[in-house]
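[1] model this:
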Amino acid sequence: MIDYVDFASFVALIDDDEHSAHLLTRTLVEQGAHGVQCYGDATKAFIRLRAVLGDATAARPVLIILDLKEHSGANLEFLAAIRQLTRRHDVPVVVLAHQADDSCREALLASGAAAVFARHGERDAYRRVAAEIIEFATLEQRPEAVGM
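    Here you go, the predicted structure:
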């Protein structure tokens with residue numbers, strides 16, 4: 001896996017497809033992400049998140065991007081597994097969902113997602129979504145910097 005990380009401000013990517021993770025990492029960096037660190041699939045990511053968020057001296061992600069495609073409920077299951085951990089440490093989780101219809105979005109938000117973004121196959125739409133995720137992370141990090 002490839003990690004590009006500026007530890008002052010980075011996002012953690014949880015993705016069970018290595019090619020997809022590489023593509024999203026590249027696109028996020030191109031869209032202005034200060035850094036992306038890939039945490040792997042759900043099993044590896046859960047262990048790594050517990051270690052990172054449990055260590056007071058570790059650099060923590062400003063945002064977690066969840067993009068699990070293993071099965072239709074994988075994102076919901078993972079959100080349930082990490083909900084208390086991410087809330088305790090105030091780290092927002094956004095989900096890239098294949099289906100971002102209202103019922104899917106509501107279920108993910110009810111399970112702890114801070115936002116839900118639609119996963120697109122078309123290149124320009126994919127870039128726009130990556131830019132929206134970076135904007136979301138920026139606003140979550142320092143809302144006062146943009147007049148909120």
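[2] going forward, measure contacts between C-alpha atoms and count neighbours the same way
    Fine.
[3] buried sites along the strand or helix carrying residue 49?
    Using DSSP states H and E, residue 49 maps to helix 42-54. Going by neighbour count (16 or more other Cα atoms under 10 Å), the buried part of helix 42-54 is 42, 45, 46, 49, 53.
[4] and which of the residues you listed is nearest to residue 9?
    residue 53 (14.6 Å; Cα to Cα).
[5] ok, longest helix in this structure?
    Determined from DSSP state H, the single longest helix within the chain is helix 123-141.
[6] so what touches the helix-or-strand element of the chain with minimal mean pLDDT?
    Ranked by mean pLDDT, DSSP states H and E, the weakest helix or strand in the chain is helix 123-141, scoring a mean of 89. Residues outside helix 123-141 that contact it (Cα atoms under 8 Å, 6 or more residues apart in numbering) are 24, 27-28, 31-33, 62-63, 92, 117-120, 146.
[7] and the next element down the chain from the helix holding residue 49?
    Beyond helix 42-54 toward the C-terminal end (DSSP H and E), the next one is strand 63-67.
[8] what are the buried residues along that next one?
    So for strand 63-67, counting by 16+ other Cα under 10 Å, buried means 63, 64, 65, 66, 67.
[9] then the longest helix of the chain to PDB, C-alphas only?
    This file holds the C-alpha atoms of helix 123-141, laid out as PDB (Å, rounded to 0.1, in the frame of the first residue of the first chain):
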ATOM      1  CA  ARG A 123     -13.900  10.200 -13.800                       C
ATOM      2  CA  ASP A 124     -15.000  13.800 -13.400                       C
ATOM      3  CA  ALA A 125     -17.800  12.900 -11.000                       C
ATOM      4  CA  TYR A 126     -15.200  10.800  -9.000                       C
ATOM      5  CA  ARG A 127     -12.900  13.900  -8.800                       C
ATOM      6  CA  ARG A 128     -15.800  16.100  -7.700                       C
ATOM      7  CA  VAL A 129     -16.700  13.700  -4.900                       C
ATOM      8  CA  ALA A 130     -13.100  13.600  -3.800                       C
ATOM      9  CA  ALA A 131     -13.000  17.400  -3.700                       C
ATOM     10  CA  GLU A 132     -16.300  17.400  -1.700                       C
ATOM     11  CA  ILE A 133     -14.700  15.000   0.800                       C
ATOM     12  CA  ILE A 134     -11.700  17.300   1.200                       C
ATOM     13  CA  GLU A 135     -13.900  20.300   1.700                       C
ATOM     14  CA  PHE A 136     -16.000  18.400   4.300                       C
ATOM     15  CA  ALA A 137     -12.800  17.500   6.200                       C
ATOM     16  CA  THR A 138     -11.600  21.100   6.100                       C
ATOM     17  CA  LEU A 139     -14.900  22.400   7.400                       C
ATOM     18  CA  GLU A 140     -15.000  19.700  10.100                       C
ATOM     19  CA  GLN A 141     -11.500  20.600  11.200                       C
END
